[in-house]
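Student: Below is the sequence, then the predicted model.
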Amino acid sequence: MRADKDARKLAAIAVVAAGYGGDMDEELCNELLDDMDFHYNKVKCRKIEGMLPKLMKMVEGEMMSMR
């Protein structure tokens with residue numbers, strides 16, 4: 001079912017975001033906050049965009065462990 005897969009993916013994203021954010025050192029956090037910019041009511045951050053492939057792999061790994 002598509003809804004079940006979407007729910008698992010959302011849960012995996014939440015786990016990765018909470019875990020990664022909780023383990024992030026203060027220097028990296030400040031660096032990301034300094035890099036953020038607002039463009040047409042959206043937040044843009046090139047450093048976070050560069051981290052997305054790694055974070056998506058973490059999400060996929062978390063989804064596999066939820067099965």
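Tutor: Alright, I've got the coordinates.
Student: Double-check that E60 belongs to a helix.
Tutor: Yes - under DSSP: H, G, I helix; E, B strand; the rest coil, E60 falls within a helix.
Student: What about it, how many residues nearby?
Tutor: Residues lying near E60 (other CB atoms under 10 Å) number 12. C-beta: built from backbone N, CA, C; applies to glycine.
Student: which residues does it contact?
Tutor: For E60, the contact set (CB atoms under 8 Å, 6 or more residues apart in numbering) comprises A12.
Student: State the pLDDT value of it.
Tutor: Among the per-residue scores, E60 holds a pLDDT of 86.
Student: In which helix or strand does the residue positioned nearest the centre of the chain reside?
Tutor: For the chain, the residue sitting closest to the mean C-alpha position, by CA atoms, centre = their mean, is A17 at 4.7 Å. Here A17 sits within helix 2-23, counting by DSSP states H and E.
Student: Give me the residues contacting that helix.
Tutor: With CB under 8 Å, 6+ apart, helix 2-23 has contacts from 55, 58-60, 62-63, 66.
Student: ok, 7 Å please
Tutor: Contacts to helix 2-23, defined as CB atoms under 7 Å, 6 or more residues apart in numbering, come from residues 55, 58-59, 62-63, 66.
Student: Narrow the residues you listed to just the buried residues.
Tutor: If you count burial by 16 or more other CB atoms under 10 Å, the buried members of these come out as 58-59, 62-63.
Student: export those residues to CSV and tack on distance to F38?
Tutor: As requested, these are arranged in CSV below (distance: CB to CB, whole Å):
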residue, distance to F38
M58, 27
V59, 25
E62, 30
M63, 31
